[in-house]
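Trainee: Output the structure for:
(one chain, ligands or ions: 1)
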Amino acid sequence: MELQKRSEVPEELKWDLSLIYPTLEDWQADFDASVKLSEDIEKQFKGKLTDAQTIVDCLAHLEALYKKADLVGNYSSLAVSVDYYDTGNQERASRASSAMAQISSRLAFIDSEILMAPDEVIQEAIRLAKGSKNYLKDLLRKKPHQLSPETEKVLAAFGQSFETPYEIYEMTKLADMKFPSFTVKGKKYPLGYSLFEDDYEYERDTDVRRAAFRAFTRKLRQYENTTAAAYNAQVTTEKVEATVRGFENVFDYLLFDQKVTREMYDRQIDVITEKLAPHMRRYAKLIQKKYGLSEMTFADLKLPLDPDFDPRVTPEEAHKLVRDGLSILGEDYVSMIDEAFRDRWIDFAKNQGKETGGFCASPYGKGSFILLSWNDRMSDVFTIAHELGHAGHFRHANNAQSLFDTDVSGYFVEAPSTMNEVLFTDYLKTTDQDPRFRRWVLSSLISNTYYHNFVTHLREAWYQREVYKIIDEGGSVNAEKLSEIFRKNLELFWGDAVKIIDGAELTWMRQPHYYMGLYSYTYSAGLTVATAAAKRIEREGQPAVDDWKKVLDAGSTLDPTGLAALAGVDIRTDGPLNETIDYIGDIIDEICRLTKEIDGIDA
Ligand SMILES: [Zn+2]
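Mentor: You can find the predicted model right below:
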């Protein structure tokens, strides 16, 4: 079926960007004002950031500029994300991004001049500052790793070149790989990257599903050497920068901005690998029995437990469901949810030229904007609950903090969104006592929320750590080595419950995350905090909710450990992680019990 054009979509299914700017003229006015402000800052402050008061004044001006620039940039990029074919949108977005690049290079002197100032001056500025306190503290923290201004300039000039490995990866994957169709029992099936990942991995016909896997990985393999060379260049460059900047090892360098210790990082990977594995193997065995497979392979892991059970919902029903499901978070939270639906924060549409997947953007001082493709499925309601978690987080943080204090560590940023998924699941279980519905709710939580964050991304994290260990010792990696590591990774986790068939080892080629530092493991970290905090809300009610609101208010004024502590969760120990894994185990136990009751299958 042909997708409709953006202009054919009814207004009520589109988000309302006029909440940011009522007219394009208003957007243009702020665009011009941002450029002007940056020129004024340069005139007024360049070469003069030598005393505390001037530094603080300069950063106040910078914050005012960022507030405008944030809206200008968000407005134009959000418009493109829903209608890629609109040339006006494209033109504004590219104008905005080149203006932003110019502004940031014009104002690069601010950080470098502050870093040249003696520590006492920066300390004094921290005492005087209001909104920029933490910004200055972060600069001071970076100071030992700062190089001479000339060297920094040279490195900045190479900035674009450092992006090359990722560009090669994307080009190989999105432009060069052309997937041929494959044939099963005389019938031809078309194949593509997202067709494989969005459809065939969930296909119920085992012959088709496994044939798709073989065809998909056969194509991947033709590009393994190019992809491995690009990846080796990426990780080697990171190691060089780590060394040049005086970090003891590449892990410390990559974890620096996240404000996370090596111990916290290692714990996520080690504990989940060891303790989650038995539960997930049991879940894999259950799927195997449900589908009557003689052996369970890596190509069968995404199969839904009950594909015929798929409750349908409308956007109006979704509103009521998330409203009730998240009401435990309080009246102000519910009124934000009402506002989101009433004022059209959500783009439900499916149209040509719209981005796939889902995200939430929260321009400072405005509402949030949630992109998704609505398919009338209950899983879409989970997406809304998740994205509203980001909206609620940044509504609180943006109201309570300066713009400088809303840049939350990647370790924590998925906690408020996944918290909503856990709370929403708890609520859904109470709405219907039908065992099949209950099993569907629980298996959705496992196959979406926990599988994605604790299995898929965590296996990526385990693999990344092995690669960086090699790089840290001065070694390098190639396709053969990467495949060997990934195969070992999968075998370690799945044991004899799942056969790691040929092609599974090429999973290292499938994720752009590997070009984003130590990012993969943070999904499980956010979800660990969210699960432990949600369990506390279930146990203690209001006091735990109040603490969670304080966490949302805190923005990035605290590091991940401090944020979690505010929610009553101590991530310096393995307690929250074990609690989360036990919770997953309990859910899988219940799914097994329900499956015996419904289908008579013993797992
Ligand atoms: Zn999210």
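
Trainee: Any stretches of this protein with poor pLDDT?
Mentor: Counting by pLDDT under 70, the chain has low-confidence residues at 1.

Trainee: Could you pick out the longest helix of it?
Mentor: helix 52-82 (DSSP state H).

Trainee: Does Ile370 belong to a helix, a strand or coil?
Mentor: strand (DSSP: H, G, I helix; E, B strand; the rest coil).

Trainee: re earlier: would you mark the buried spots in the longest helix of the chain?
Mentor: 52, 54-59, 61-63, 65-76, 78-82 (16 or more other Cβ atoms under 10 Å). C-beta: built from backbone N, CA, C; applies to glycine.

Trainee: Beyond that helix, next helix or strand please.
Mentor: Scanning forward in sequence from helix 52-82 by DSSP states H and E, the next helix or strand is helix 87-106.

Trainee: buried ones in that next one?
Mentor: Buried residues in helix 87-106, counted by 16+ other Cβ under 10 Å: Asn89, Arg92, Ala93, Ala96, Ala99, Met100, Ile103.

Trainee: re earlier: please name every helix or strand in contact with the longest helix of the chain.
Mentor: Helix 52-82 is packed against helix 24-45, helix 87-106, helix 108-116, helix 119-128, helix 133-142, strand 369-371, with contacts defined by 3 or more Cβ pairs under 8 Å, 6 or more residues apart in numbering; DSSP states H and E.

Trainee: Hey, what's the angle from the third one to helix 133-142? Just curious.
Mentor: Our comparison of helix 108-116 with helix 133-142, counting by axes from the mean of the first three to the mean of the last three Cα atoms, to 10 degrees, yields an angle of 70 degrees.

Trainee: Helices along the stretch 401-550 of the chain, start to end?
Mentor: In the stretch 401-550 of the chain, the helices defined using DSSP state H, counting those that start in this stretch lie at 415-431, 435-444, 457-472, 479-494, 522-540, 542-554.

Trainee: The stretch 251-400 of the chain too?
Mentor: 262-271, 277-291, 315-325, 331-342, 378-400.

Trainee: what's the most buried one of those?
Mentor: Of all these, helix 378-400 has the most neighbours on average by mean count of other Cβ atoms under 10 Å, namely a mean of 22.

Trainee: For it, output the C-alpha coordinates as CSV.
Mentor: Below are the C-alpha coordinates for helix 378-400, written out as CSV (Å, rounded to 0.1, in the frame of the first residue of the first chain):
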residue,chain,number,x,y,z
MET,A,378,-0.6,-2.0,22.0
SER,A,379,3.1,-1.8,21.5
ASP,A,380,2.6,1.7,20.2
VAL,A,381,1.1,2.6,23.6
PHE,A,382,4.3,1.3,25.2
THR,A,383,6.2,3.6,22.9
ILE,A,384,4.1,6.6,23.9
ALA,A,385,4.6,5.7,27.6
HIS,A,386,8.4,5.4,27.0
GLU,A,387,8.7,8.7,25.1
LEU,A,388,6.5,10.5,27.6
GLY,A,389,9.1,9.5,30.2
HIS,A,390,11.6,11.6,28.3
ALA,A,391,9.1,14.4,28.0
GLY,A,392,8.4,14.3,31.8
HIS,A,393,12.1,14.2,32.6
PHE,A,394,12.9,17.3,30.6
ARG,A,395,9.7,19.1,31.6
HIS,A,396,11.0,18.8,35.2
ALA,A,397,14.7,19.4,34.4
ASN,A,398,14.1,22.4,32.0
ASN,A,399,11.8,24.0,34.6
ALA,A,400,14.1,23.5,37.5
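
Trainee: Check the offset of it from the chain's centre.
Mentor: Put simply, helix 378-400 sits 13 Å off its chain's centre (Cα atoms, centre = their mean, to the nearest Å).

Trainee: packing partners for it?
Mentor: Going by 3+ Cβ pairs under 8 Å, 6+ apart, helix 378-400 lies up against helix 315-325, helix 331-342, strand 359-361, strand 369-371, helix 415-431, helix 435-444, helix 542-554.

Trainee: Same list (the ones you listed) but as JSON lines, adding distance to Tyr283.
Mentor: As requested, the helices and strands packed on helix 378-400 are exported to JSON lines (distance: least, Cβ to Cβ, whole Å):
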{"stretch": "helix 315-325", "distance to Tyr283": "24"}
{"stretch": "helix 331-342", "distance to Tyr283": "32"}
{"stretch": "strand 359-361", "distance to Tyr283": "28"}
{"stretch": "strand 369-371", "distance to Tyr283": "30"}
{"stretch": "helix 415-431", "distance to Tyr283": "16"}
{"stretch": "helix 435-444", "distance to Tyr283": "9"}
{"stretch": "helix 542-554", "distance to Tyr283": "29"}
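
Trainee: residues contacting Ile584?
Mentor: Counting by Cβ atoms under 8 Å, 6 or more residues apart in numbering, Ile584 touches Leu276, His279, Ile446, Tyr450, Phe454.

Trainee: before we move on, the earlier item: dump the helices of the stretch 251-400 of the chain into a markdown table; add distance to Lys43 as well.
Mentor: As requested, these are exported to a markdown table (distance: least, Cβ to Cβ, whole Å):
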| stretch | distance to Lys43 |
| --- | --- |
| helix 262-271 | 44 |
| helix 277-291 | 60 |
| helix 315-325 | 49 |
| helix 331-342 | 41 |
| helix 378-400 | 30 |
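
Trainee: what is the orientation angle of the one helix or strand Lys153 maps to with helix 108-116?
Mentor: Following DSSP H and E, the helix or strand that holds Lys153 is helix 149-157. With the same axes, to 10 degrees as the basis, helix 149-157 and helix 108-116 are set at 140 degrees to each other.

Trainee: And the next helix or strand past helix 149-157?
Mentor: Heading C-terminal from helix 149-157 (DSSP H and E), you reach helix 159-162.

Trainee: Now do that following helix: which elements does it pack against?
Mentor: Partner elements for helix 159-162 (3+ Cβ pairs under 8 Å, 6+ apart): none found.

Trainee: Which residues outside that helix are in contact with it?
Mentor: Thr237.

Trainee: Only the buried residues of it, if you could.
Mentor: Buried, per 16+ other Cβ under 10 Å, within helix 159-162: nothing.

Trainee: mind saving the C-alpha coords of it as CSV?
Mentor: The C-alpha atoms that make up helix 159-162 are tabulated as CSV, following Å, rounded to 0.1, in the frame of the first residue of the first chain:
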residue,chain,number,x,y,z
GLY,A,159,37.3,16.9,13.4
GLN,A,160,35.6,16.0,10.1
SER,A,161,38.2,13.4,9.3
PHE,A,162,37.7,11.6,12.6
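
Trainee: Could you dump the helices of the stretch 401-550 of the chain into JSON lines and include distance to Met516 and mean neighbour count?
Mentor: Shown next, in JSON lines, are those (distance: least, Cβ to Cβ, whole Å; neighbours: other Cβ atoms under 10 Å):
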{"stretch": "helix 415-431", "distance to Met516": "18", "mean neighbour count": "22"}
{"stretch": "helix 435-444", "distance to Met516": "27", "mean neighbour count": "20"}
{"stretch": "helix 457-472", "distance to Met516": "10", "mean neighbour count": "20"}
{"stretch": "helix 479-494", "distance to Met516": "17", "mean neighbour count": "19"}
{"stretch": "helix 522-540", "distance to Met516": "10", "mean neighbour count": "23"}
{"stretch": "helix 542-554", "distance to Met516": "25", "mean neighbour count": "18"}
